[in-house]
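In: here you go, sequence then predicted model.
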Amino acid sequence: MLRKTALFIGRFQPFHLGHLSVVKQALKENDFLIIGIGSAEDNYLPDNPFTAGERWEMITSALDQEKIFRDRYTIIPVRNINNYAIWVEHVSKILPCFQKVYTGSPLVKNLFENYGRNEVIEVQFKIPTSATEIRKLMLQGEEWETHVPRVVAQTIRGFKGVERLKIITNFYP
């Protein structure tokens, strides 16, 4: 019997509680989940401060903490090709087969719907936060850690992610 496999693709800059809720939803509805770390080549930039390896660490540590077994998902870095006309084809060729796509991005939803090969689920994060908002809180010295799984906050502190974000943002005004 064919496994129902879904894709959840995002930049996860950082991986937050809304992302975690989507992973849980997708795993309830599917047998297996591919987590695509989008724009994997981008790092040390204001909108993409964390490396693909750091994002992988955030995600795996959060899912481990939630006791989500690694045989239920895989994490694959996906380089961006900066050409929306062929982006879905690119993603579909480099990842294992999937039947359903979960995304919080209206653009990604539109691209996959136009491609027409996958069911697309546009998710609304139950936790009213975004990675953009979390990065703003980090920059302003405000409380950001309650918006991410505890282990993600520890991971970010471990590689001095907030300090890096502040340096990067000053470098790229």
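Out: Received the coordinates, thanks. The model shown is predicted, which means the values in this text are computed figures rather than measured ones.

In: hey, where'd the strands end up in this structure?
Out: 5-10, 32-37, 73-77, 100-103, 119-122 (DSSP state E).

In: between these, which one is closest to residue 54.
Out: strand 32-37 (9.9 Å; CB to CB). (Each C-beta comes from the backbone N, C-alpha and C, glycine too.)

In: now that closest one: how far from the chain's centre is it?
Out: 9 Å (CA atoms, centre = their mean, to the nearest Å).

In: quick check: which helices or strands does that strand pack against?
Out: Contact analysis of strand 32-37 by 3 or more CB pairs under 8 Å, 6 or more residues apart in numbering; DSSP states H and E lists strand 5-10, helix 17-29, helix 52-65, strand 73-77 as its packing neighbours.

In: quick one on the thing from earlier: hey, least reliable of the strands of the chain by pLDDT?
Out: The minimum mean pLDDT among the strands of the chain belongs to strand 119-122 (a mean of 88).

In: as CSV, the helices and strands packed on strand 32-37 with distance to residue 122 and mean neighbour count would be great.
Out: Below are the helices and strands packed on strand 32-37 laid out as CSV (distance: least, CB to CB, whole Å; neighbours: other CB atoms under 10 Å):
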stretch, distance to residue 122, mean neighbour count
strand 5-10, 12, 24
helix 17-29, 11, 19
helix 52-65, 21, 20
strand 73-77, 20, 17
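
In: nearest to residue 162, of these?
Out: Judged by CB to CB, the one of the helices and strands packed on strand 32-37 that comes nearest to residue 162 is helix 52-65, at 12.8 Å.

In: and that closest one with strand 5-10, angle?
Out: 120 degrees (axes from the mean of the first three to the mean of the last three CA atoms, to 10 degrees).

In: and helix 52-65, how far out from the chain middle?
Out: 10 Å.

In: and if you look at stretch 44-54?
Out: Using CA atoms, centre = their mean, the offset of stretch 44-54 from its chain centre is 12 Å.

In: how about the CA coordinates for that stretch, as PDB?
Out: Listed next in PDB are the C-alpha coordinates belonging to stretch 44-54 (Å, rounded to 0.1, in the frame of the first residue of the first chain):
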ATOM      1  CA  TYR A  44      23.700  35.300   8.100                       C
ATOM      2  CA  LEU A  45      21.100  37.700   6.500                       C
ATOM      3  CA  PRO A  46      18.500  39.700   8.400                       C
ATOM      4  CA  ASP A  47      15.600  37.600   7.100                       C
ATOM      5  CA  ASN A  48      17.600  34.400   7.100                       C
ATOM      6  CA  PRO A  49      19.900  34.500  10.100                       C
ATOM      7  CA  PHE A  50      20.300  30.800  10.700                       C
ATOM      8  CA  THR A  51      22.000  28.200   8.600                       C
ATOM      9  CA  ALA A  52      20.300  25.100   7.200                       C
ATOM     10  CA  GLY A  53      22.200  23.000   9.700                       C
ATOM     11  CA  GLU A  54      21.000  25.200  12.600                       C
END
